[in-house]
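Participant: Quick one, fold the following:
(chains A and B)
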Amino acid sequence: MKNDSEKLHNLRHSLAHILASAVLEMFPKAQLGVGPVIENGFFYDFLLPRPLTPEDLAKIEKRMRALVKEGLPFERQEMSIHEAKTYFNHAVQPFKVELIKDIEKFGTTEMDKILNTDESLKDEQKVSKSEQLTVSLYKTGKFTDLCRGGHVKNTSEIDPQSFKLNKMSGAYWRGDQANPQMQRVYGLAFESKKELDEYIKLQEEAEKRDHKKLGPKLGLFMFHHTAPGMPYWLPKGVALYNELVNFWRTEHNKRNYHEIVSPLLNKKELYQTSGHYEHYWQDMFVVQTKDKEEYGVKAMNCPNAMIVFGSQLRSYKDLPLRLSDTDTLHRNEISGALNGLLRVREFRQDDAHCFVTEDQIGEEYEEIFEIVEKFYSIFGLEYSFRLGTRPESFMGEIKTWDKAEKTLKDILAKSKKKFTIAEKDGAFYGPKVDILMKDILGREWQMGTIQLDFQQPLRFKLEYTAPDGSKKTPVAIHRVVYGSLERFIGILIEHYAGAFPVWISPVQAKILPISEKQNKYAKEVYEALKESGIRVEFDDRDESVGKKIREAEMEKVPYMLIVGEKEQKAKSVAVRGRNQKDLGVMKLNKFVKQISEEIQDRA
RNA sequence: GCCCCCUUAGUUCAGUGGCAGAACAACAGUUUUGUAAACUGUAGGCGGUAGUUCGAUUCUACCCGGGGGCUCCA
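Facilitator: The predicted model follows:
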């Protein structure tokens, strides 16, 4: 809520109350969940006797406007915990009673705490816990709700046109599938109608960048109902995909990473050894042979990397040993989680497993952070780090975990990077540092991840010979920088709205002859560019040049080379950049040199 | 997986309980084009399976697929 003014926050919070009030009028037996302020407005969860329809939503919205216009005051009332429980029990609001019980127990209903590295926060929370003896209620008109506060004084402060109920969805009470599913009504709310309209307009603009629409339109990828969640990469998408992989390969070869390719099907036994059988098998695709032997379709690369490390005697002199790969992975994600390229069932990662001694962990992390910075800054992407700590289902000793978590915290602190901590969000074999990014609709996604693993090397009985001749277990660092290539490309499409930098553009230049009379010379231009390794297309269709330009613009081709009679005579090309940028007429070889340099520089 | 919504031509979108329509794309012909859409014509479709009905693309159920949400906490 940092960026939101207190006024806006109060306004939204007040509207959540008004929403609940309107819904209660319509369904007197509705049970109320929570109704917080969110990034663009508010929502409220209800348990209702029947599903809401879009017509209901319109009706509720209308009623809300009427309530706002009534100029109702928000009246605060303090109650002891006991009184409040009685009150809400009487009102048949069991979820509210549950919340009050939480307050009694923890001093807050906040269960998941996203903590800062700042230790002082914890102490403050302890104080608030023990001193919480009463709760506050707020009354607006006929409606009373359990609420910490933060409202407008009177609904007359709200512009009745500045909000809009925009969607509904199912939401489990407290996000837990075991709990009843409630109906969540979302509303947009701003200080004025003007701001609301601007937001809606901006949102519509953002949706035009949606990779799910742009990707197929640009011929990058597609989906087919016979393979849900598994993208088909089309020729143009493959060009881009390969560029990213090539860049990754070049940069990692420089840093002594060694690429491997390993089996896509592995016997159950492999995953039993790694621990994935116990923790992940239900999310894997499984193949059964006619001999009734079970194979898991590869969902992660680490077990195979462990096998490769263990296939030879290793010396401390071999460490760090960095094994990289981009094998195809399959994960049977639940259908509701699939989302274009951002969550798929089949994908590749720019993966690597770095085997190091315990002493090398810090240095290795630092180098990986450098790689991350290099890769993300090339695309001008903004990201943040998040440390995931020991999950509920984990392997190994708590002591080892604590040590590993401390190591990561220290490295992050030392790196002076901003980061958050997500408790219990680590992998089952070790804590991790995730790289997070937002998509065009503001949803946060995990991109790269750097995971510390003390467990799998032990389970695979990996060893190296230390200087004193003793056998030691290496530590594995699992790391991906892009994360999944699929997701990264999805984010890139939205980031650039399809207008990629030249070096990854599927088509870098397109030749547009003015008439068929220039086809011969245009072909020469085409061949010359192709010869120089430039991805080039030749539009020799019998269409007007205006149309060819229009289409090339829509394809977001960085350079359009228009050749007519004049260019043919002068052995030149008229260069047009994206978005009507006129770059003038230049000699063909000059253009080739210029574009080649641009590609080289990854500008 | 669960909740709500959606599924009509290659694409974007109309529409109807009684022969399904447009634009763009495709194809054919005309045109030979100077910086974001030349002209004319041709071809092409109701996701699947049941049910209701004289008759279903339209209504109902289920399935496939897609979208949004299911983390946001008095």
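Participant: what distance separates the start and the end of stretch A:273-291?
Facilitator: This stretch, stretch A:273-291, spans 22 Å end to end (C-alpha to C-alpha, to the nearest Å).
Participant: how about stretch A:389-409: buried residues?
Facilitator: Neighbour counts over stretch A:389-409 (16 or more other C-beta atoms under 10 Å) mark A:Thr389, A:Arg390, A:Pro391, A:Phe394, A:Met395, A:Gly396, A:Trp401, A:Ala404, A:Glu405, A:Thr407, A:Leu408, A:Lys409 as buried. (C-beta placed from N, C-alpha, C; glycine too.)
Participant: Please save the CA atoms from that stretch in PDB.
Facilitator: The C-alpha coordinates for stretch A:389-409 follow below in PDB (Å, rounded to 0.1, in the frame of the first residue of the first chain):
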ATOM      1  CA  THR A 389      12.700 -20.800   3.700                       C
ATOM      2  CA  ARG A 390      12.000 -24.400   5.000                       C
ATOM      3  CA  PRO A 391       8.600 -25.700   3.800                       C
ATOM      4  CA  GLU A 392       6.500 -28.000   6.000                       C
ATOM      5  CA  SER A 393       7.400 -31.000   3.900                       C
ATOM      6  CA  PHE A 394      11.100 -31.100   3.800                       C
ATOM      7  CA  MET A 395      14.100 -33.400   3.900                       C
ATOM      8  CA  GLY A 396      17.100 -33.300   6.100                       C
ATOM      9  CA  GLU A 397      18.000 -31.900   9.500                       C
ATOM     10  CA  ILE A 398      16.500 -28.600  10.800                       C
ATOM     11  CA  LYS A 399      20.100 -27.600  11.800                       C
ATOM     12  CA  THR A 400      21.300 -27.900   8.300                       C
ATOM     13  CA  TRP A 401      18.400 -25.900   7.000                       C
ATOM     14  CA  ASP A 402      18.900 -23.100   9.500                       C
ATOM     15  CA  LYS A 403      22.500 -23.000   8.500                       C
ATOM     16  CA  ALA A 404      21.700 -22.800   4.800                       C
ATOM     17  CA  GLU A 405      19.100 -20.200   5.400                       C
ATOM     18  CA  LYS A 406      21.500 -18.100   7.300                       C
ATOM     19  CA  THR A 407      24.100 -18.400   4.600                       C
ATOM     20  CA  LEU A 408      21.600 -17.200   2.000                       C
ATOM     21  CA  LYS A 409      20.400 -14.300   4.100                       C
END
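Participant: So which residues on the stretch 151-300 of chain A come close to RNA strand B?
Facilitator: A:167-172, A:174-177, A:181, A:183-184, A:210, A:212, A:223, A:225, A:228-229 (C-beta under 7 Å from any atom of the strand).
Participant: And the strands in the stretch 201-350 of chain A, which stretches?
Facilitator: Per DSSP state E, counting those that start in this stretch, the stretch 201-350 of chain A carries strands over the ranges A:221-222, A:232-233, A:257-259, A:265-267, A:286-288, A:294-297, A:321-325, A:328-330, A:346-356.
Participant: Who are the packing partners of the longest one?
Facilitator: I take that to be strand A:346-356. On a contact count with 3 or more C-beta pairs under 8 Å, 6 or more residues apart in numbering; DSSP states H and E, strand A:346-356 meets helix A:235-254, helix A:302-310, strand A:321-325, strand A:328-330, helix A:361-378, strand A:475-484, helix A:485-496.
Participant: Pull the contacting residues for A:Leu146.
Facilitator: For A:Leu146, the contact set (C-beta atoms under 8 Å, 6 or more residues apart in numbering) comprises A:Ala84, A:Phe88, A:Lys96, A:Leu99, A:Ile100, A:Val135, A:Ser136, A:Leu137.
Participant: that older thread, which of the helices and strands packed on strand A:346-356 sits closest to A:Val557?
Facilitator: helix A:235-254 (10.6 Å; C-beta to C-beta).
Participant: Distance to RNA strand B and secondary structure for the buried residues of stretch A:389-409 - can I get that in JSON lines?
Facilitator: Formatted as JSON lines, those follow (distance: C-beta to the nearest atom of the strand, whole Å; DSSP: H, G, I helix; E, B strand; the rest coil):
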{"residue": "A:Thr389", "distance to RNA strand B": "16", "secondary structure": "coil"}
{"residue": "A:Arg390", "distance to RNA strand B": "19", "secondary structure": "coil"}
{"residue": "A:Pro391", "distance to RNA strand B": "15", "secondary structure": "coil"}
{"residue": "A:Phe394", "distance to RNA strand B": "20", "secondary structure": "coil"}
{"residue": "A:Met395", "distance to RNA strand B": "25", "secondary structure": "coil"}
{"residue": "A:Gly396", "distance to RNA strand B": "26", "secondary structure": "coil"}
{"residue": "A:Trp401", "distance to RNA strand B": "23", "secondary structure": "helix"}
{"residue": "A:Ala404", "distance to RNA strand B": "25", "secondary structure": "helix"}
{"residue": "A:Glu405", "distance to RNA strand B": "21", "secondary structure": "helix"}
{"residue": "A:Thr407", "distance to RNA strand B": "27", "secondary structure": "helix"}
{"residue": "A:Leu408", "distance to RNA strand B": "22", "secondary structure": "helix"}
{"residue": "A:Lys409", "distance to RNA strand B": "22", "secondary structure": "helix"}
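Participant: I am finished for the moment; much appreciated.
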